[in-house]
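Engineer: Structure here, sequence nowhere to be found:
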């Protein structure tokens, strides 16, 4: 998720590390704030793999800034990750939001639709946060008002997402845009 966010934000514009960290934190920080000790090793890995380039530019003050840009290989890697996301990128809500944030960089509407179809299929599977044996429980079957709240909120969120997915898939298939 972190590497995808780095590649995605750098596809949008060259950034220095601090600005990149702020943008990633704005996207994913409610889940887990991005620490420098996590971000900079990921940047170095991507740079070593030839996906990022570092350029020194004058800073606003006296100190120069290291600005990161995406290489052609980095753009190709971003498109590859968007076109063929891991199962966890489809099923984990936070990873899904990161993927969805940059899916526009996958220029082929058919490939965008294929990713959305995978999410749609996942959301259609019966599931719950709570089970009776192997059977998923619905909000109406749970007496605990707090657990019922979890299930009620999750259902409303899923219904909103399903509606958006269907509309967006229709638009992608008919060429009406998103």
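Structural biologist: Cool, got the structure. Note that this is a predicted model, so its numbers are computed, not measured. Numbers count the residues shown, from 1 in each chain.
Engineer: Check the burial of the nearest residue to residue 3 once chain neighbours are set aside by counting its neighbours.
Structural biologist: Nearest residue to residue 3 in three dimensions, chain neighbours excluded: residue 42, at 5.7 Å (CB to CB, 6 or more residues apart in numbering). C-betas here are computed from N, CA, C, even on glycine. Here the count is done by other CB atoms under 10 Å, and residue 42 has 16 residues near it.
Engineer: do the same with residue 80
Structural biologist: If you count neighbours by other CB under 10 Å, residue 80 ends up with 12.
Engineer: secondary structure element for it?
Structural biologist: Assessed by DSSP states H and E, residue 80 sits inside helix 72-83.
Engineer: picking that back up, for the residue nearest to residue 3, list the residues it contacts.
Structural biologist: Contact partners of residue 42, counting by CB atoms under 8 Å, 6 or more residues apart in numbering, are 2, 3, 6.
Engineer: could you dump those to CSV with pLDDT and neighbour count?
Structural biologist: Listed next are the contacts of residue 42 as CSV, based on pLDDT from 0 to 100; neighbours: other CB atoms under 10 Å:
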residue, pLDDT, neighbour count
2, 91, 17
3, 94, 16
6, 95, 28
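Engineer: Could you export those residues as a markdown table, including secondary structure?
Structural biologist: Converted to a markdown table, the contacts of residue 42 look like this (DSSP: H, G, I helix; E, B strand; the rest coil):
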| residue | secondary structure |
| --- | --- |
| 2 | helix |
| 3 | helix |
| 6 | helix |
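Engineer: Turn those into JSON lines, columns for distance to residue 169.
Structural biologist: As requested, those are arranged in JSON lines below (distance: CB to CB, whole Å):
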{"residue": "2", "distance to residue 169": "28"}
{"residue": "3", "distance to residue 169": "27"}
{"residue": "6", "distance to residue 169": "28"}
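Engineer: Excluding chain neighbours, what is closest to residue 120?
Structural biologist: Per CB to CB, 6+ apart, closest to residue 120 is residue 165, 4.9 Å.
Engineer: correction: residue 124
Structural biologist: Residue 124 sits nearest to residue 162 (CB to CB, 6+ apart), 8.0 Å away.
Engineer: Doesn't that neighbour belong to a strand?
Structural biologist: No: looking at residue 162 with three-state DSSP, it is helix, so not inside a strand.
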